[in-house]
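*Asks:* Take a look and give me a structure for this.
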Amino acid sequence: MTRRQTMRIAISSAIIAVQAVLLPPTGLAQNAAFTLTPIVKRGDPSPDGGRFFGCDDCEGGILGNRALNNRREVVITADTEGRCYDGRFLVSSSSRVLLLDFCEQTPFGKFSLSGRMNLNDEGQVAMRAGPVVNGRIVDMLFLYSDGQLTKIVAEGDQTPVGTIFKGCGFSEPSINNKGDVAFGSCSDDDHGLFRDGIFLFSGGEIRKVVADEDPSPIDGVFSLNFFPPIDPVINDNGEVLFGAGVIISPAVKEKFGLFLSTATSIKKIEVDGDRMPGSGQVKENTIGVGDLNNKGEVAFTVKLTGDQTDRGLFLYSDGLIKKLITAGDPTPIGGTFTLLVTQPGVEFPLAHLNNNSAVAFQASVANGTASSGIFLASPTAIVKVVATGDRLPSGETIRFIHSFALNDLGQVAFFAYKKKNKTQPLGLLVATPVTPQISSIKLKRKGGRLELRVNGNAMITNDTVIEIDGVALEATSYPAEFRENGGTTTRVVSRDPRLDELIPAGGSVQVTVFNPLTNRRSAPVPFTR
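*Replies:* Here you go, the predicted model:
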């Protein structure tokens, strides 16, 4: 194969992840399942002395897989009316920090290039940037921590495999809560030995995760000759998700897929030709785009062939792959998913996976009540987070959603725009799951069996579970006539055969409803049979 194989794995240009402390109720907009809160609005003061998104052609966004942490902070790129027009910021509902711009001299030089950024729950930010050194731009990775910017690695540095980092720059860096940073890069030794690979910065040192010609779990050896380099994802256990080619033999066509490096081995997640559940096969020469959580689960999107759909979103968990969505599936806002995000040039919608196993994704919708939106999904349920046409707390209407980020609290941050052509940003907002509420409970005998009916708000179709004194009921249904647009329902019914035992005659119990998808539980309501 050629020295550098070009494969574009287009990722939805993720825009701002924000975890925000909620504003007073007068500052909120709400749908049935999520409340919208502004974090950075157009015209807000920026730390460079200007104002965020003050001009009509100003833009803002998230350029990272994990831009929203559990401290309600987010890293963003934003145009301002300040001294430098364009900067990279760490923001929350109460603070604004300038990470870097392209005007000021720094100990590393004046920055001319800035790539993707990610942060962890300690407020540390891993970012790719290129300062000008001796008249040329040098690709580097940096770590921002406690107000200080330090270099992780630069082009020209030695690798742990006896080569030099050079040839294609660095990938998006992925950081975990321990401050470990995983990244992809090309490297060679100036004598024809190429060892492109995935590397890990940990404890002040860089080590190899996987490199060209390392053995693969499906026979043959890995090939990581990609331009740009593959973006890995690391979790808190030090496991690393990465895409790669596999060369089995000169007589066998090269395979491509997603793999997971663990403490003891490298596991295959998917390779081209694999049959996906409920759909077709992974298309040849396709590498999925995925995210990884601390359970070792992987949410990924791949191209498909041999069925009625051309791509799908799946969840790998406990060694099994489950379908979440394929193009053409019905949506919770009517119509069908096309799984094509609205950004030009984006081939795959990037899914975000949190440690609650919830998957957020952005998709276009055909013949629905909105043309596109962000959704939260599990293998059994999907709920709308926000969609075009929704109104903000200010009363303005969202015409374009640029991208998004997800955290472990089920919050989704996103940029909203006033116009469909991505002009005039309204700002960065966070959607927070609404806690379900019980309004009434009724127990009756139907067809010789007890049936428990719970009415309420913010309950999710095919997801909400009824609990009696903390015991989750089974045999649950969600009557069609009570389902709402967006994926919620106002009634959940259980015909669990244990109801006689769990709710004894004359006894009083506590009833709650729980949404596993958003990890929200209602207040208990007493009930006496």
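
*Asks:* what's the burial count for residue 184?
*Replies:* Other residues near residue 184 come to 27 when the count uses other C-beta atoms under 10 Å. Where C-beta positions appear, they are placed from N, C-alpha and C, glycine not excepted.

*Asks:* Verify the contact between it and residue 209 for me.
*Replies:* No. Shown here, residue 184 and residue 209 do not form a contact pair, counting by C-beta atoms under 8 Å, at 9.2 Å.

*Asks:* Quick check: neighbours shared by the two?
*Replies:* Shared contacts of residue 184 and residue 209 (C-beta atoms under 8 Å, 6 or more residues apart in numbering): 197-199, 232, 242.

*Asks:* Now render the residues you listed as CSV, adding pLDDT and neighbour count.
*Replies:* Supplementary listing: those in CSV, determined by pLDDT from 0 to 100; neighbours: other C-beta atoms under 10 Å:
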residue, pLDDT, neighbour count
197, 94, 29
198, 96, 29
199, 97, 28
232, 96, 27
242, 97, 29
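
*Asks:* In helices, which of those residues appear?
*Replies:* With DSSP state H as the criterion, helices contain none of the shared contacts of residue 184 and residue 209.

*Asks:* Would you report which members of those residues are assigned to strands?
*Replies:* Of the positions in those, 197-199, 242 sit in strands, assigned by DSSP state E.

*Asks:* among the residues you listed, which two are most distant?
*Replies:* Considering C-beta to C-beta, no two members of those lie farther apart than 199 and 242, which are separated by 10.5 Å.

*Asks:* give the contact list for the residue lying closest to residue 228 once chain neighbours are set aside.
*Replies:* Using C-beta to C-beta, 6 or more residues apart in numbering and skipping the chain neighbours, the partner closest in space to residue 228 is residue 168 (6.1 Å). Shown in contact with residue 168 (C-beta under 8 Å, 6+ apart): 4, 185-186, 196, 226-229.

*Asks:* Out of those residues, which comes closest to residue 449?
*Replies:* Using C-beta to C-beta, residue 226 comes nearest to residue 449 of those, at 58.1 Å.

*Asks:* Run a quick neighbour tally on that closest one.
*Replies:* Using other C-beta under 10 Å, residue 226 has 24 other residues around it.

*Asks:* Surely it touches residue 194?
*Replies:* No. Residue 226 sits out of contact with residue 194 when judged by C-beta under 8 Å, with a separation of 11.9 Å.

*Asks:* most centrally placed residue in this protein?
*Replies:* Compute the mean C-alpha point of the chain, and by C-alpha atoms, centre = their mean the closest residue is residue 352, 1.9 Å away.

*Asks:* Give the closest residue to that residue in space, chain neighbours not counted.
*Replies:* Per C-beta to C-beta, 6+ apart, closest to residue 352 is residue 406, 3.8 Å.

*Asks:* can you list the ones in strands among the shared contacts of residue 184 and residue 209 in a markdown table and add distance to residue 267?
*Replies:* Below are these laid out as a markdown table (distance: C-beta to C-beta, whole Å):
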| residue | distance to residue 267 |
| --- | --- |
| 197 | 17 |
| 198 | 14 |
| 199 | 19 |
| 242 | 11 |
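
*Asks:* Cross-check the contact I'm expecting between residue 56 and residue 425.
*Replies:* No. The pair formed by residue 56 and residue 425 falls short of the contact definition of C-beta under 8 Å, at 9.8 Å.

*Asks:* So which of those two has more stuff around it?
*Replies:* Per other C-beta under 10 Å, whichever of residue 56 and residue 425 has more neighbours is residue 425, with 26 against 10.

*Asks:* Look up how far residue 392 lies from that one.
*Replies:* Residue 425 is 12 Å from residue 392, where distance means C-beta to C-beta, to the nearest Å.

*Asks:* Between those two, which contacts overlap?
*Replies:* residue 416.
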